[in-house]
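Colleague: Dropping a prediction and its sequence here:
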Amino acid sequence: MKTFVPQAVPLADAGHRYSPYACRHAVLATMHGKEEAIAPVLRDRLGLIVSSAPDIDTDALGTFTGEIPRAGTIREAAIAKARLGMKATGLPIGLASEGSYGPHPQIPFVPGGVELMVLVDDMRGIVVSEHLIEDAPVFGHGYVVAGDDVTPILDRLGFPAHALIVKPAESEGGAGNIHKGLRDRTALELAVMSAKAQSDDGRALIQTDMRAHMNPTRMATLGRLASALAERLSALCPACRTPGYGQVDVEIGLPCEWCGTPSLMVRHRVFGCVACPHRENRPRGDGLTKADPGHCPLCNP
């Protein structure tokens with residue numbers, strides 16, 4: 001791989017700011033085509049040249065279908081992926097993303113997801129991460145038994161644009177075949193028949209395949225997340241000029257509109273540096289300065 005001498009160049013899409021990553025190379029650790037959504041954004045916004053690492057097995061760090069459980073937090077898993085790519089290529093800058101889908105973290109009774117992306121920069125000794133909450137993922141599952149029409153489940157799960165996984169609903173010790181990446185109706189129905197035969201209770205489980213190259217909705221989410229990460233990497237610390245300055249915490253205690261007592265609502269957003277101790281409080285993004293009394297422990301005990 002050709003080595004480029006780093007230089008600061010103005011980028012129109014980054015508001016003519018000078019990018020600390022212009023003409024640098026980074027490796028994206030993925031087996032699932034994420035570079036399609038991520039690489040163009042980071043190239044256009046930062047001048048960072050992103051390529052995927054050949055012959056790495058990110059599934060060894062965890063799979064959506066659970067055959068290999070993910071170790072540690074979502075951030076730790078993403079960092080481990082990035083370092084896997086860095087080790088394979090020898091590059092000092094690595095990227096990776098990790099997703100977690102299930103019940104929405106804020107809204108009851110609806111599905112949701114958290115996507116996190118990290119940039120590991122061993123030149124500067126920093127790790128920069130950004131995340132977003134996906135409010136409308138194509139994510140779900142359904143069970144079928146003999147005689148069931150699978151069409152309602154397929155329609156709900158966005159088939160065939162979104163690929164599906166079929167496996168036995170119940171099997172001792174997790175035995176039974178797992179059929180992934182299904183986008184053909186005939187192949188899916190054959191997989192359902194096989195899964196029902198292998199299941200202890202005669203049911204097949206149909207679920208969304210959440211690998212990025214099998215789920216276009218998730219792929220689009222990764223593009224939006226890459227844009228957010230690029231924005232953060234464009235922000236330099238006011239104290240030490242390290243890239244990656246952004247929100248690191250929140251301060252609770254927005255005063256009650258009636259009595260002034262600190263509520264359970266966010267009062268400030270805390271911005272900080274990934275390299276030095278510099279911190280600052282900033283107002284809430286929505287401009288709210290007083291809390292509804294319903295959130296006050298005194299007015300609404």
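Modeller: Perfect, thanks for sending it.
Colleague: Which positions within the top helix by length along the chain qualify as buried?
Modeller: What stands out as the longest helix in the chain, according to DSSP state H, is helix 216-234. Neighbour-count burial for helix 216-234, counted by 16 or more other Cβ atoms under 10 Å, picks out 217-219, 221-222, 225-230, 232-234. C-beta coordinates here come from the backbone N, C-alpha and C atoms, glycine included.
Colleague: Where does pLDDT dip in the stretch 1-150 of the chain?
Modeller: Scanning the stretch 1-150 of the chain for pLDDT under 70 picks out the ranges 1-17, 61-68, 70.
Colleague: Tell me where it has strands.
Modeller: 25-28, 49-52, 93-103, 111-121, 126-134, 141-144 (DSSP state E, counting those that start in this stretch).
Colleague: and the ones you listed as JSON lines, adding distance to P152 and mean neighbour count?
Modeller: Converted to JSON lines, the strands of the stretch 1-150 of the chain look like this (distance: least, Cβ to Cβ, whole Å; neighbours: other Cβ atoms under 10 Å):
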{"stretch": "strand 25-28", "distance to P152": "37", "mean neighbour count": "24"}
{"stretch": "strand 49-52", "distance to P152": "37", "mean neighbour count": "19"}
{"stretch": "strand 93-103", "distance to P152": "21", "mean neighbour count": "22"}
{"stretch": "strand 111-121", "distance to P152": "17", "mean neighbour count": "23"}
{"stretch": "strand 126-134", "distance to P152": "23", "mean neighbour count": "19"}
{"stretch": "strand 141-144", "distance to P152": "8", "mean neighbour count": "17"}
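Colleague: Of those strands, which is nearest L154?
Modeller: Closest to L154 of the strands of the stretch 1-150 of the chain is strand 141-144 (Cβ to Cβ; 8.8 Å).
Colleague: mind giving me the domain ranges of this protein?
Modeller: Residue ranges for the domains of the chain, per automatic domain parsing: 12-137+213-234, 141-209, 247-295.
Colleague: tell me the most buried of those?
Modeller: Ranked by mean neighbour count, the domains of the chain are led by domain 12-137+213-234 with a mean of 19 (mean count of other Cβ atoms under 10 Å).
Colleague: So what's the gap between that domain and the chain middle?
Modeller: 7 Å (Cα atoms, centre = their mean, to the nearest Å).
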